[in-house]
Structures are given as structure tokens and as C-alpha cells.
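1. Everything below, folded, please.
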Amino acid sequence: MTGRGPAGTVEVWLLTVPEGVPPEAYGLLDAAERRRAGEFATAGGRGRYVWAHVALRRVLSRYTGVDPAALRFGREGRNGRPVVRGVAAPGFSLSHSHGLVAVAVAPGAVVGVDVQRMCPPGTVAACLPRLHPRERAELEGLAPARRAEAFTRLWARKEAYLKGLGTGLGRPPRADCLGDADPAARPSGWDVHDVPAPAGYAAAVAVPGGAAWSVRPVGSAAGAG
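-> Residues are numbered from 1 along each chain as shown. Okay, the predicted model is just below:
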């Protein structure tokens, strides 16, 4: 499989993180990634970071034809979206959460992806004041048993959109409405989609443009091997 998807389609890889990190995994990373991995205080955090970036490299290798270890990354501007340097590559985005990695790939477009493990009620309560007023009203209108799941889906959409913008959470979460109740209230000029995810997780992608994008899950192999 080449991994080269059709125009107008966002391909989303959802990949499980294996246990442990063999030494050869570090050989696929560049110096900056290895340095960042070494900054994690726990072996678990370090392993999740390493496998996420190994997965990203292996997925992008399918689209570019470049060896995973030979890919070189940079950013648009000082703190903008990540890009591949020196080779034609599709737009891409990376997210990982508690053992699950998401890589989204969009030909000819920027893209944002996010995956979230189900948020506990305490996190939901703490984040509600940070949301757009419509989002907050929507969630507060749900029974407590449904609120955590709805919030997790909402937050995945929100982070995917903010990654697509290139701002991340530097843009206030309350600035945009990504709720379920009124899709027309979502940011204009963007397609924001929920992505099927394993039980206990939520995932979403966001792509700019006037034309509608479709979403195609294409991978679920451990480590993107």
C-alpha cells in the first residue's frame, strides 16, 4: 500500500502504541526528537512520545517514498504547523493520547488532527468555563452520564481545528464554537469531522477550504509498521 489517497480525502491513521521502546526506534528519530524524548520524566511518557514520532515518520514515508529516518521536519514560521523539508509532501498532523496515536494526511491542504482519551468528570467541570457560551450551554443541558463523552468529542474537534489554524491553544478555546447542536455555528470555511475511534477515545480532523472533504480511516497497525 502506498498510502497516496485521492484529492479531497483526509486519510487518518489510528495506531496503538506498543509496550516498551527498542533501541532501533530511536534510530528513526532526528537529534531534536531524541533530545525531546530525553526530557520526559517518566519512561511511559518518553515511550509514548517516541512511538508517536516513529509512527508519523513511517506513515509519511508511505506518501513521500523517503526512508522514515531520512525525513526532515521544520515549522511554518516560528511556532506554526510542522512541515516536511526538502521533499514534496502532503499536509499532515499528529496527535497522541494514552496509548493511541493519530496521524492525518491531506493532499494539497493543511490539516489538524486530535485524539483524546475519555475525560473524567472533574476535567470536564474544570474546562466548562473556558468554552464558547453555546458549547457550555449544550453540555450543561446533558445528563451527567453523557456529558463526559460529549465534552471529549467536542474537545477533540476544538484541538483539531486549532492545530489546523496553526495556533494551538494559544487561541482561547472560547473563541470558536465546535458543538454538536448547531453545526452551522462552527467556523466558516472549515470542514471539521469526527473520526471513528476505539472505545474510550474520541478523534477529529479539521481541514480548510470551500469544498467538502471526506475522511477515510486507513490504518490501525501497532507502531505504523
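2. Point out where the protein drops to low pLDDT.
-> 1-7, 77-79, 210-211, 219-225 (pLDDT under 70).
3. where exactly do the helices run in this structure?
-> Using DSSP state H, the helices of the chain run over residues 23-26, 31-38, 43-64, 121-127, 133-140, 144-165.
4. residues touching the closest residue to Pro172 other than its chain neighbours, list them.
-> Distances taken as C-beta to C-beta, 6 or more residues apart in numbering place Arg130 nearest to Pro172, at 7.5 Å, with adjacent residues excluded. C-beta here means a position set from N, CA and C on the backbone, and glycine is covered the same way. Neighbouring residues of Arg130 by C-beta atoms under 8 Å, 6 or more residues apart in numbering: 172-174.
5. between those residues, which has the most around it?
-> Highest neighbour count within the contacts of Arg130: Pro173, with 18 neighbours (other C-beta atoms under 10 Å).
6. For Leu29, which non-adjacent residue is closest in space?
-> His53 (5.9 Å).
7. cool, and Lys158?
-> That would be Leu178: by C-beta to C-beta, 6+ apart, it lies 4.9 Å from Lys158.
8. so what's that neighbour up against?
-> Contacts of Leu178 by C-beta under 8 Å, 6+ apart are 132, 135, 154, 157-158, 161, 186-187, 192.
9. Now with 10 Å, please.
-> By C-beta atoms under 10 Å, 6 or more residues apart in numbering, the contact set of Leu178 is 131-132, 134-135, 153-162, 185-187, 190, 192, 204, 206.
10. now do Ala175
-> Contacts of Ala175 by C-beta under 10 Å, 6+ apart are 132, 158, 162, 167, 187.
11. Assess the claim that the last one and Ala160 are in contact.
-> No. With contact defined as C-beta atoms under 10 Å, Pro187 and Ala160 do not form a contacting pair (11.4 Å).
12. what is in contact with those two at once?
-> Common neighbours of Pro187 and Ala160 (C-beta under 10 Å, 6+ apart) are 178, 206.
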